[in-house]
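**Student:** got a predicted structure plus its sequence, pasted below:
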Amino acid sequence: MFLSASTTVDVPSSMNFIQRRKIVVFSGGSAANSLVDVFNEVIEKNNCALTYVIPISDNGGSSSELIRVFGGPGIGDVRSRLVRLIPHTHTNILNLFNHRLPASTELADAEFLTLLTGTSPLYASIETPQAMLIRSILSHLHLEILKRSRPPTSTFNFQSASIGNLFLTGARLFSGSFESAIYLLAIMGGVDESKTAVLPAIVSNFSHHISAGLADGTIIAGQNAISHPSEPTALNNADGGQAGHGTMIVNGFNPTIEDATLPGSLPTLKKSAIAFSKECEESLSARIERVWYINPYGQEMRPAPNPKVLEAVSTAEAVMYSIGSLYTSIIPSIILQGVGEAIARSGGARFKILILNGSLDRETGGFSALDFVAAIARAGEESRGRTFQSSKSVDGRLWSMYVTHLIHLEGEGVPKVDKKELARWGVECVRLYGRKSPEGEARYDGQALVQALSAILGKRERGERSRRNTLEN
């Protein structure tokens, strides 16, 4: 049972995290960052501890270059959330870890050198012990880069690199632990992990990639290829020309380069994808039906999740699916072994809340709210070892095991919501007023969303309808 806002409980500060009610949020990086302040207010108002579960399958942007050279997890979304959680009291650290090197390779190399020597203006307001620690981690990363350098065919490209990504990778290589690297960045940034924790869906020093199967039989390998059309990125040699002295580079992949990927790996998983488009998205040839994990050769695999994720979900009173990319930000965490069981099990989380996107993207073109719910239910069931021909073949009676509440907007471009059909299968809908973005897309109003989430979390019995809806049907 939830404590009321007026209830006072005196417990030692070291036990606050144990006594707080627990919420788990499945999300990706950039899109869900816009709701961090909303989630912070919800946990403050409801005396909750919150855990973000973030996938590590992102192989685009500056993460792709780190994966190419060092292997390891896709850290971009984890870094993005950690940096977003850094409080204003640590603005200088936030600015450093949020900074990206220039898009020009030459300028990026020069600026990284100032970070190594300590002459970068980004260090100006950072305390000396912290600055020295950051320099030490980046110096260790630089040493590892030099050890792996094979000029002229293979050199590390600092173009548009995120300082936070470089730091996390350097700390992981130094400590041998991805979790240790996350802890170091969080503690330096002043993130209060007793209130808000960031967990990678998988804890590993190896890369984990996903594939998507489309309704027309097409298979797309690699998260970046699924989400965004990418632009080829040529690696430069010491003379500024393309790598390989005449070797043809196709889609950013040079077969002569020796890097961290295994021989025979799929070319789409080996290429660097530093530049890609988030705005101009080409449509897929057909709708996505399913997502699964693959090894470097494209064969399906079923990895185990971070044990802390299973623990967090198993003890949570509420599970939330944030806005963002359905198939590359949410589902990669749900399909891991045991996660579906932890979400669906009897006596588990009482509230399973899907915050529906305010618009459709490349991954969900033509989807309705029913499709979103069915896709999540299918992912949960496949985590438990069940297979389906399509999301439409998932029995509606399974839906409420994974989604009990759906929060949505109305307006042009918003996924269609069939309230009666969802209610038939035990999913309660909460419709909110929204606002228009400069691009004309529907966006959630922060305070309305806080009120809706708090109203759901305040229910005493599953199935009790909300009395604080912001818009009556």
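**Tutor:** Arrived safely, thanks for sending.
**Student:** His90 - that's part of a helix, no?
**Tutor:** Yes: the assignment for His90 (DSSP: H, G, I helix; E, B strand; the rest coil) places it in a helix.
**Student:** okay, now it: neighbour count?
**Tutor:** Counted with other CB atoms under 10 Å, residues neighbouring His90 total 17. Where C-beta positions appear, they are placed from N, C-alpha and C, glycine not excepted.
**Student:** please, which helix or strand holds the residue lying closest to it once chain neighbours are set aside?
**Tutor:** Excluding its sequence neighbours, the residue lying closest to His90 (CB to CB, 6 or more residues apart in numbering) is Gly190, at 4.2 Å. Counting by DSSP states H and E, no helix or strand carries Gly190.
**Student:** Gly190 against Pro87, yeah?
**Tutor:** Yes: counting by CB atoms under 8 Å, Gly190 does reach Pro87; the two are 5.4 Å apart.
**Student:** and the gap between the residue nearest to His90 and Gln130?
**Tutor:** To Gln130, Gly190 is 11 Å away according to CB to CB, to the nearest Å.
**Student:** mind listing the helices for the stretch 301-450 of the chain?
**Tutor:** Using DSSP state H, counting those that start in this stretch, the helices of the stretch 301-450 of the chain run over residues 307-315, 331-334, 339-344, 369-383, 419-424, 446-457.
**Student:** for these, which one sits closest to Asn295?
**Tutor:** Nearest to Asn295, of all the helices of the stretch 301-450 of the chain, is helix 331-334, at 15.0 Å by CB to CB.
**Student:** just the residues contacting stretch 407-424, thanks.
**Tutor:** With CB atoms under 8 Å, 6 or more residues apart in numbering as the contact definition, stretch 407-424 has outside contacts at 353-360, 364, 367-373, 396, 399, 406, 428-434, 440-444, 449, 452-453, 473.
**Student:** got the end-to-end distance for it?
**Tutor:** This stretch, stretch 407-424, spans 16 Å end to end (CA to CA, to the nearest Å).
**Student:** give the next helix or strand downstream of the helix or strand containing Ile182.
**Tutor:** Assigned by DSSP H and E, Ile182 belongs to helix 178-188. Using DSSP H and E, the helix or strand that follows helix 178-188 in sequence is strand 196-200.
**Student:** list the contacts of that next one.
**Tutor:** The list of residues contacting strand 196-200 from outside it, by CB under 8 Å, 6+ apart, reads 40, 43, 49-56, 73, 78, 81-82, 85, 178-179, 182, 186, 191, 306, 308-309, 312.
**Student:** now do that strand against helix 178-188, angle only.
**Tutor:** Computed by axes from the mean of the first three to the mean of the last three CA atoms, to 10 degrees, the angle separating strand 196-200 from helix 178-188 equals 150 degrees.
**Student:** may I have strand 196-200 exported as CSV, CA atoms only?
**Tutor:** Extracted in CSV, the C-alpha atoms of strand 196-200 (Å, rounded to 0.1, in the frame of the first residue of the first chain):
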residue,chain,number,x,y,z
THR,A,196,17.6,7.7,-9.1
ALA,A,197,19.6,4.9,-10.5
VAL,A,198,20.7,4.2,-14.1
LEU,A,199,21.0,0.5,-15.0
PRO,A,200,22.3,-0.8,-18.4
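**Student:** next secondary structure after it?
**Tutor:** By DSSP H and E, the next helix or strand past strand 196-200 is strand 209-214.
**Student:** can you name the element that comes right after that next one?
**Tutor:** strand 219-221.
**Student:** run the chain-centre distance for that following strand.
**Tutor:** 20 Å (CA atoms, centre = their mean, to the nearest Å).
**Student:** now do the buried residues in it.
**Tutor:** Across strand 219-221, burial judged by 16 or more other CB atoms under 10 Å covers Ile220, Ala221.
**Student:** what's the mean pLDDT across that strand?
**Tutor:** Strand 219-221 comes out with an average pLDDT of 93.
**Student:** partners of that strand, with directions?
**Tutor:** In the sheet, strand 219-221 lines up against strand 209-214 (antiparallel) (DSSP bridges).
**Student:** alpha carbons of the partner strand, as CSV, please.
**Tutor:** Listed next in CSV are the C-alpha coordinates belonging to strand 209-214 (Å, rounded to 0.1, in the frame of the first residue of the first chain):
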residue,chain,number,x,y,z
HIS,A,209,23.5,-5.8,-31.4
ILE,A,210,19.9,-6.2,-32.5
SER,A,211,18.1,-7.1,-35.7
ALA,A,212,14.6,-6.2,-36.9
GLY,A,213,12.3,-8.4,-39.0
LEU,A,214,9.8,-6.5,-41.2
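**Student:** what residues does that strand touch?
**Tutor:** So strand 209-214 is contacted by 57, 59, 219-223, 226, 269, 284-294, 296, 298, 300, 327-328, 332 (CB under 8 Å, 6+ apart).
**Student:** quick one: that strand to chain centroid distance?
**Tutor:** Between the centre of strand 209-214 and the centre of its host chain there is 16 Å, according to CA atoms, centre = their mean.
**Student:** with stretch 410-423 instead?
**Tutor:** 25 Å.
**Student:** any weak-confidence spans in the stretch 201-350 of the chain?
**Tutor:** 229-258, 272-273, 275-281 (pLDDT under 70).
**Student:** tell me the contacts of Val291?
**Tutor:** Taking CB under 8 Å, 6+ apart as the test, what Val291 contacts is Ile210, Ser211, Ala212, Gly213, Ile226, Tyr327, Thr328, Ile331, Pro332, Ile335, Ala379.
**Student:** most neighbours, which of those residues?
**Tutor:** Top of these by neighbour count (other CB under 10 Å): Pro332, with 29 neighbours.
**Student:** what about the strands in the stretch 251-400 of the chain?
**Tutor:** With DSSP state E, counting those that start in this stretch as the criterion, the stretch 251-400 of the chain has strands at 288-294, 300-301, 318-321, 351-355.
**Student:** which one of the ones you listed lies closest to Thr117?
**Tutor:** strand 288-294 (41.1 Å).
**Student:** longest helix anywhere in the chain?
**Tutor:** For the chain, the longest helix by residue count, based on DSSP state H, is helix 128-148.
**Student:** I'd like the next helix or strand past that helix.
**Tutor:** helix 163-175.
**Student:** pull out the buried residues from that following helix.
**Tutor:** Ile163, Gly164, Asn165, Leu166, Phe167, Leu168, Thr169, Gly170, Ala171, Arg172, Leu173, Phe174.
**Student:** pretty sure the second one sits against Val78.
**Tutor:** No: taking contact to mean CB under 8 Å, the distance of 9.3 Å between Gly164 and Val78 leaves them out of contact.
**Student:** what subset of the contacts of strand 196-200 is buried?
**Tutor:** Buried by 16+ other CB under 10 Å: 40, 43, 49-56, 73, 78, 81-82, 85, 178, 182, 186, 191, 306, 309, 312, out of those.
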